[in-house]
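Asks: below: sequence and its predicted model.
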Amino acid sequence: MSRGLDRVSVEGPAGKLSVLRTADDRSGVPLVLLHPINSAAVVWEDVAARLDRTVVAPDLRGHGNSGQTGPFTVEDGYVPDVLAVLDALGLDQAHLAGGSLGGTISVALAALHPRRVRSVAAFGSTLGTGVPDEAIAAMVRELEAAGTAGYFAGQVPEIVGRKHRDSARVREVMAEAVGARPTTVVAEILYGAFGADIRHLAGKVATSGIPVLAVAGTEDPTCPPAMSRELAEATGGTAVELDGTGHLPMLEETGQVADLLRNHLARAEEGRP
């Protein structure tokens, strides 16, 4: 058990999905927190502890304690996983918040199943990175040379903001979240994530009226603020920047992220823009 969270398993389309959820019943529409690729639900623990509502945080397929069967793609893999979690827990509707690809998945789910989604918050996310296959192949070669744990131990200081590079908390949580998964699985996840593009879905969110908040760290090298601005514009949402923050705002600026979520969810439930 994590702080205030229980771990449960549900059956997903490709096997077991491990889920963290608040241990007690709380009022309000539940919030589903989706982690960045090659991490796990534990990256949201500190944020969840600051929120006074039901929180659900799944390990997506290929991550954490969930099964490792693909496809590791947004529309055919991760969106069905999240729907399976909602169905298994009896959640007809939820707010969605995601980091990096977790935000992309949230937007895609809102476009494809708008009746299930009350609002979306994306942190360091994009509609599509545009990274070419050759660049992804280079990442995979580095991964295979260093191994899963070694590769991401080197990556984490490069993707967070400068003032967070020596954070023991960030290193510890990410080491736990990355785990020791086979490099073959991680390679497939990299190709699926960096090759994803959901621009064809964004307009559906804009016409649905689902409130979207797109947050970017000013020092995010993976999904810089321009990508969040594009996401916000395409979905009819609002863009916000966190000064001095990198690609893992849920770990770097936990308090600010919790405050942004709290306010965004309250406005969505009150029907305010």
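Replies: Perfect, thanks for sending it.

Asks: only C-alpha atoms from now on, for both contacts and neighbour counts.
Replies: Will do.

Asks: for T218, what are its contacts?
Replies: Taking CA atoms under 8 Å, 6 or more residues apart in numbering, we find T218 in contact with 224-225, 241-246.

Asks: tell me the buried residues within these.
Replies: 224-225, 241-242, 244-246 (16 or more other CA atoms under 10 Å).

Asks: how about those residues in JSON lines, adding distance to T73?
Replies: As requested, the buried ones among the contacts of T218 are exported to JSON lines (distance: CA to CA, whole Å):
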{"residue": "P224", "distance to T73": "22"}
{"residue": "P225", "distance to T73": "23"}
{"residue": "E241", "distance to T73": "27"}
{"residue": "L242", "distance to T73": "28"}
{"residue": "G244", "distance to T73": "30"}
{"residue": "T245", "distance to T73": "27"}
{"residue": "G246", "distance to T73": "24"}
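
Asks: so which of the contacts of T218 would you say is closest to S39?
Replies: Nearest to S39 among the contacts of T218 is G246, at 15.4 Å by CA to CA.

Asks: can you count the residues close to the nearest residue to N38 once chain neighbours are set aside?
Replies: Spatial nearest neighbour of N38, excluding adjacent residues (CA to CA, 6 or more residues apart in numbering): V178 at 5.6 Å. For V178, the neighbour count with other CA atoms under 10 Å is 21.

Asks: does V178 touch Y151 like I think?
Replies: No. Contact criterion CA atoms under 8 Å: V178 and Y151 do not qualify, at 9.8 Å.

Asks: helix/strand/coil for V131?
Replies: coil (DSSP: H, G, I helix; E, B strand; the rest coil).

Asks: now do the contacts for it.
Replies: Neighbours of V131 in contact, by CA under 8 Å, 6+ apart: 194-195.

Asks: now stretch 192-207: how far from the chain's centre is it?
Replies: Averaging C-alpha positions (CA atoms, centre = their mean, to the nearest Å) puts stretch 192-207 15 Å from its chain's average.
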